[in-house]
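S.K.: Turn this into a model:
(2 chains)
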Number of protein chains: 2
Amino acid sequence: MNPQFGTVVIVGVGLLGGSLGLALKQRGLANLVRGVGRRKEVLDTALALKAIDEGTLDLGGAMKGADLVVLCTPAAQVPSQLDVVRTRIAPHVVVTDVASTKAEICARVRTNWSEPYRFVGSHPMAGSEKYGPEHATATLYEGCITLVEPRNNHADDAYEKVVSLWAAVGARVVEIPADLHDGIVAKTSHIPHIIAALVAEQAANAGDVKHLVGKGFRDVTRIAEGRAEIWRDICLTNRNAIAKGLREFGAQLNAVREMIEHGEADDLDRFFQAAQAARRKVLDE
Amino acid sequence: MNPQFGTVVIVGVGLLGGSLGLALKQRGLANLVRGVGRRKEVLDTALALKAIDEGTLDLGGAMKGADLVVLCTPAAQVPSQLDVVRTRIAPHVVVTDVASTKAEICARVRTNWSEPYRFVGSHPMAGSEKYGPEHATATLYEGCITLVEPRNNHADDAYEKVVSLWAAVGARVVEIPADLHDGIVAKTSHIPHIIAALVAEQAANAGDVKHLVGKGFRDVTRIAEGRAEIWRDICLTNRNAIAKGLREFGAQLNAVREMIEHGEADDLDRFFQAAQAARRKVLDE
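M.R.: Predicted coordinates:
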C-alpha cells in the first residue's frame, strides 16, 4: 500500500494526535487522516490547521475503511475505547496508542483481544506543558524517544507497522515491557510532574511572591502547566508505582530535612554533588 | 565621583561576581574592578575574560583604596568575610553582597557593625545552574529582580549607592525585610532546588533510565546542576525556614499520595488544576 499507512484514524486530536496528523500529511504517509473527538470545536481547529482531513464525534463509525488506528486520548479512556475499536475494525487493521502508562492498557488487550494481537502499545515521550491541536507541530516526533512494548504474541505485520509508523515520523523506537515501563516512568516523568505541582502550590501559598521568583522556579514548575485531565489519568492508571515512588521520595525528603536541621554540612555537600551526578547519569551527559 | 562607583572590589569572581565585573567595566561604571578569590586559577580566568582589572587572594589587603565592596561568595562565608572587611575599610566605603539568604548576614551586621550601617544586604535573583567566571555575562543583571533590605539605620549615601549599583547594571530593585525574604525565598527557590535534586536522585536510582526521560525531567531537574557548595550554604544559613517548608511539603505529598492510592479522580483533577493556577499566580501570568 502506498501511501504507506492508508487511512489513518487518530482518536483525540490534541497536541499528540494533531502533531501525528500533521506529520503524516506533510510527509505524504497517509491517504486520509480521520480525526475522532469529543468536541466539535476541537475537531474544527484540527481541520483548520490541516492536522486531519475529516473529523467525527463517532468513534465506532470512524473505523469504517480504517487501516491504522492511533488512540491519542488520556490514559484512562484508552481501555474502554479499545473495546469499541476491537468490535468495529476490519481484520487487517492495526491499532496503537500514545498513553503515558502502559500496564493497564496492555493488560486489557491481553484479556479482551484474541491472539495474534493487532494492538501494540506505544508511548512517545513527546509530552509538553502545552496541549490542544493549536500547539501541534509536524516536527513533534522528530528525535523523540518512543517506547513500544516488546513483540509478544503480536501479529508480525501489526508489530512492524507500529514500529515503522514511529520511525516514519522521525521518532527513535525503544522496546520496553509495559510493567517495567510504568515503574520507571513513574520516577522519570509522573512523580516529577506531581512534585512540580506541589512546588507551584507551596510557592503560591507563601504570600505575594510575584517579585520573588527566579528562573529556577520557572523551570522546576513548567510541567505543572500540563493538562489536569491527562495527569489525573496517569495517576489513576499507574497508582501502585507512583504511590510507592512517592513514599520513597517522602523518606528521602525527610532525610535531607534532618541534615538541614542538624547542620550537617558534609552530608549536604555530598547530597547536592550526588544529585548533579545523578542528573548527568540519567540524561547520559 | 565619575566613573560612578570608583574602585570596586568584588569578592568571589564566579558567575555573579564575574558578571558584575563585566557589567561595570562594559558600562564604564568603575575606575577599577579588583577581584578577590581563594584560587589563583579562577582569578586568572576572570582576568582573561576581562571581568576584573586585577586579582588578589588577600581579602584584607584588597580593601586598600576601595570605594565599593561587593561580596559574591557562598552565603556561609559572608558573615566572617564581613568581619574582615569591616576592620579594613576606610570610613566612606559602601559594602553589599549577593547571597541568597539574608537574615543571618544582616543580623551579623547589626551585631558587629556600628550605626549608621554602611552595609546593605542584596540578593539579585540571577542564579543559574551554571557557575564559575567562564559563564559570566555583562547582561546577567539586566531585568533581574534584585531584593534589597529596606532602609533601617543605614547611612543614606550607602543605601542609595547600593540601590543605584543594581539599577546601573540593569536590575529591578525590590525592597524586602531580611526575615520575610528568607521565609519566602525558601519556598520559591531553596525548596524547589532541594526537590529538583531529590527528583534527579530518584530517577537515577530507578535503573538504566537513559532512554526513558523526556523534556519534563530535564526542566524539573535543571537547577540540580547548581554548585553544591552554594546550595549547602543556603541550607545552612536558612535552616529554620527550609526545614519548616520541607515538613509542609512532605505533608502535602502524603495527601496527594493518598488521593492516588484511593483513586480519588475529582480530587486529583482539582489538585492539578490548582497547581496550574498557582504557577500562573506566582509568575503573574
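S.K.: what's the following helix or strand after whatever helix or strand residue A:255 lives in?
M.R.: For residue A:255, the enclosing helix or strand under DSSP states H and E is helix A:239-261. Sequence order places helix A:265-283 as the next helix or strand after helix A:239-261, per DSSP H and E.
S.K.: That next one - contacts with which helices or strands?
M.R.: Using 3 or more CB pairs under 8 Å, 6 or more residues apart in numbering or on different chains; DSSP states H and E as the contact criterion, the elements in contact with helix A:265-283 are helix A:239-261, helix B:191-204, helix B:215-221, helix B:228-237. Yep, even glycine has a C-beta here, placed from its N, CA and C like the rest.
S.K.: who wins for proximity to residue B:22 among these?
M.R.: Across the helices and strands packed on helix A:265-283, the minimum distance to residue B:22, taken as CB to CB, is reached by helix B:228-237, at 19.7 Å.
S.K.: Residues contacting that closest one, please?
M.R.: With contact meaning CB atoms under 8 Å, 6 or more residues apart in numbering or on different chains, helix B:228-237 is reached by A:259-260, A:263, A:265, A:268-269, A:272-273, A:276, B:74-77, B:99-101, B:103-105, B:127, B:131, B:190, B:193-194, B:197, B:242.
S.K.: Now, of those residues, which are buried?
M.R.: Neighbour-count burial (16 or more other CB atoms under 10 Å in any protein chain shown) applied to the contacts of helix B:228-237 gives A:259-260, A:268-269, A:272-273, A:276, B:74-77, B:99-101, B:103-105, B:127, B:131, B:190, B:193-194, B:197, B:242.
S.K.: so residue A:127 touches residue A:75, yeah?
M.R.: No. With contacts counted by CB atoms under 8 Å, residue A:127 stays clear of residue A:75, the gap being 11.5 Å.
S.K.: Overlap in contacts, those two.
M.R.: Residues touching both residue A:127 and residue A:75 by CB under 8 Å, 6+ apart: A:100, A:230.
S.K.: list the contacts for residue A:23?
M.R.: Residues touching residue A:23, when contacts are defined by CB under 8 Å, 6+ apart, comprise A:29, A:138-141, A:169-170.
S.K.: Could you verify that it is part of a helix?
M.R.: Yes. Membership of residue A:23 in a helix is supported by DSSP: H, G, I helix; E, B strand; the rest coil.
S.K.: give the contact list for the residue lying closest to residue A:17 once chain neighbours are set aside.
M.R.: Sequence neighbours aside, residue A:72 is the residue nearest to residue A:17 in space, at 3.3 Å (criterion: CB to CB, 6 or more residues apart in numbering or on different chains). Residues near residue A:72 by CB under 8 Å, 6+ apart: A:10-14, A:16-17, A:20, A:97-98.
S.K.: Next, the residue in the stretch 1-150 of chain A that chain B sits nearest to: phi, psi?
M.R.: For the stretch 1-150 of chain A and chain B, the shortest gap (CB to the nearest CB) falls at residue A:125, measuring 3.8 Å. The phi and psi values for residue A:125, taken as degrees, to the nearest 10, are phi -90, psi 60.
S.K.: which stretches of the stretch 51-200 of chain A form strands?
M.R.: A:54-56, A:68-71, A:94-97, A:119-120, A:122-124, A:145-148, A:172-175 (DSSP state E, counting those that start in this stretch).
S.K.: Now tabulate these in a markdown table and tack on distance to residue A:219.
M.R.: Putting those into a markdown table (distance: least, CB to CB, whole Å) gives the following:
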| stretch | distance to residue A:219 |
| --- | --- |
| strand A:54-56 | 36 |
| strand A:68-71 | 31 |
| strand A:94-97 | 30 |
| strand A:119-120 | 35 |
| strand A:122-124 | 23 |
| strand A:145-148 | 21 |
| strand A:172-175 | 25 |
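S.K.: May I see the ones you listed arranged in a markdown table, with distance to residue B:111 and mean pLDDT as well?
M.R.: Written out in a markdown table, the entries for the strands of the stretch 51-200 of chain A read as follows (distance: least, CB to CB, whole Å; pLDDT from 0 to 100):
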| stretch | distance to residue B:111 | mean pLDDT |
| --- | --- | --- |
| strand A:54-56 | 71 | 98 |
| strand A:68-71 | 66 | 98 |
| strand A:94-97 | 64 | 98 |
| strand A:119-120 | 69 | 98 |
| strand A:122-124 | 58 | 96 |
| strand A:145-148 | 55 | 95 |
| strand A:172-175 | 59 | 95 |
